[in-house]
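Participant: the following comprises the amino acid sequence and a computationally predicted model.
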Amino acid sequence: MKKFAVVVAAGLMFATFGARAVNAQTVRSEAAEHPRIATAIRELEEAVRYMEAAPHDFGGHKVAAIRDSRAAITQLRLALAYRAARDRR
């Protein structure tokens with residue numbers, strides 16, 4: 001019984017990994033279809049890194065700018081994932 005549980009758990013793990021790999025590949029292809037969105041994600045990521053490393057607080061706006069930039073990155077990635085899911089149908 002213990003061996004069966006291990007086999008089932010391993011199977012689920014591989015299935016989950018496979019689905020994620022396919023989804024990641026599809027999202028990458030969506031990024032290629034929407035290069036301006038992919039560029040915006042990269043630029044926002046660079047801006048966040050720059051702000052995090054900056055020694056000043058940009059007049060008190062640094063924390064909010066980082067937070068909002070991360071939220072924008074998340075929304076852009078969700079938009080690409082949505083398109084990827086719609087295109088797979």
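Facilitator: Right, received. Where do you want to start?

Participant: show me what counts as buried in stretch 69-82.
Facilitator: If you call a residue buried by 16 or more other C-beta atoms under 10 Å, then stretch 69-82 has these buried ones: Ser69, Ile73, Leu76, Arg77, Leu80. Placement of C-beta: from N, CA and C, glycine included.

Participant: just stretch 37-54 next, same as before
Facilitator: So, applying 16+ other C-beta under 10 Å, buried residues of stretch 37-54: Ile37, Ala38, Ile41, Leu44, Val48, Met51.

Participant: does the third one touch Leu76 like I think?
Facilitator: Yes: counting by C-beta atoms under 8 Å, Ile41 does reach Leu76; the two are 5.1 Å apart.

Participant: the chain: helices as residue ranges?
Facilitator: Ranges of helices in the chain, per DSSP state H, are 2-33, 35-53, 62-88.

Participant: weakest of those in terms of mean pLDDT?
Facilitator: Ranked by mean pLDDT, the helices of the chain end with helix 2-33 at the bottom, a mean of 59.

Participant: returning to that earlier point: looking at the buried residues of stretch 69-82, which is nearest Glu30?
Facilitator: Distance to Glu30, by C-beta to C-beta, is smallest for Leu80 among these, at 4.5 Å.
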